[in-house]
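Student: Sequence first, then the predicted structure, then my questions.
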Amino acid sequence: MEKALVYINYPELIPLNDKSTEYDGYITIDDKFTYRIKLQVPNFPDVKNITYSGGRFHYIAIQEEDKLFKLAYYDIPKISSELLKEYASLNELFTTYCNCIEELQTYFDVMDSIDTVCWVIDPPKPKKSDYMRRIMIGHNVSIQITFDPLNILNLPQIQFMGSENGVAPFRESFINNLDNWDPEYDVVQNILRLIDLPFFPQEPTDAAKSNDLDFKVNECCICFCVQLENKLPDEICKNPNCEQCFHTDCLYQWLSAVGTSRQNFNLIQGECPNCKTCISCRIPNI
């Protein structure tokens, strides 16, 4: 990107060095929203930008080709096809991106609240674009919550993960309390009401992790790891005397190697590697 293009699109930005590879300043979008923009131009034609809104930093990478600009990277959910378009000016691109940020302010607030008060085990380091959270709620029991970023106050998709004995009371409460979800109520408190919890369990400190038997993320019984390619164990043997955890990929590969296993549509069924009772899992996209 040529230096002149920055000046043409944003004459209010101030160069921070003699080479004009870094800029800083404020821009106003649609005469409503003011953003602080820091442009870093280390390698042409890419421009890395930082926009500041609602007390948060948003990172984007802009690519320029044939005097057209497009987002090569952004850290918010893809809520509009407008984020994929090419634009004739930086101003058009920034206007589209910043309008999306404003539309997502409630979403950011809710996800920040969840990350603060809940023990989030997946993703391990949530990004602003991640609208799924897996949260510990009990002994070897977690819930996977998938939100709609544009309708963050509505009831999200909730999946219970854990042993049947552990999940059953939470699932029963969830079914009984579904009608109690209130879009005008705090999202975290809504979730607690759904599963009849007074509060979410907190992640133990490093010193307590080795001794904490009530709340922990179990390792996979096949690979003996907690994380496999950033995935946590999400299959559990339903035998109450076993209740071993497995990564879907690990369990699928194990069952596929056993001649007595059977596949039916998108499921594979066979013997638990630990207790030999019947176990099944979905066939992953591998």
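Tutor: Looks like it came in fine. Numbering: from 1, shown residues only.
Student: so which helix or strand takes in residue 98?
Tutor: In this assignment (DSSP states H and E), residue 98 forms part of helix 90-103.
Student: Check residue 251 too.
Tutor: helix 248-256.
Student: roughly how far is that helix from the heart of the chain?
Tutor: 25 Å (Cα atoms, centre = their mean, to the nearest Å).
Student: Pull stretch 186-197 out as CSV, backbone CA atoms only.
Tutor: C-alpha atoms of stretch 186-197 as CSV (Å, rounded to 0.1, in the frame of the first residue of the first chain):
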residue,chain,number,x,y,z
ASP,A,186,-28.7,-11.5,32.5
VAL,A,187,-27.5,-14.4,30.2
VAL,A,188,-25.2,-15.9,32.9
GLN,A,189,-28.0,-15.9,35.5
ASN,A,190,-30.4,-17.4,32.9
ILE,A,191,-28.0,-20.3,32.3
LEU,A,192,-27.7,-20.9,36.1
ARG,A,193,-31.5,-20.9,36.4
LEU,A,194,-31.8,-23.4,33.6
ILE,A,195,-29.6,-26.0,35.4
ASP,A,196,-30.5,-25.1,39.0
LEU,A,197,-27.0,-24.0,40.0
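Student: Can you give me the buried ones in it?
Tutor: Buried residues in stretch 186-197, counted by 16 or more other Cβ atoms under 10 Å: 187-188, 190-195. All C-beta atoms are positioned from the backbone trio N, CA, C, and that covers glycine.
Student: before we move on, what about stretch 273-286?
Tutor: If you call a residue buried by 16+ other Cβ under 10 Å, then stretch 273-286 has these buried ones: 273-274, 279-281.
Student: ok, residues contacting it?
Tutor: Residues outside stretch 273-286 that contact it (Cβ atoms under 8 Å, 6 or more residues apart in numbering) are 221-222, 235, 237-239, 241-242, 244, 246, 248-249, 251-252, 254-255, 263, 266-272.
Student: so where is the stretch 101-250 of the chain shaky, pLDDT-wise?
Tutor: For the stretch 101-250 of the chain, the stretches with pLDDT under 70 are 206-217.
Student: mind listing the helices in it by residue range?
Tutor: Counting by DSSP state H, counting those that start in this stretch, the stretch 101-250 of the chain has helices at residues 105-117, 164-177, 187-195, 206-209, 248-256.
Student: Specify the residue ranges that define each domain of the chain.
Tutor: 3-103, 106-195, 218-282 (automatic domain parsing).
Student: Is it possible to get TSV of those that adds distance to residue 204?
Tutor: Shown next, in TSV, are these (distance: least, Cβ to Cβ, whole Å):
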stretch	distance to residue 204
domain 3-103	28
domain 106-195	9
domain 218-282	14
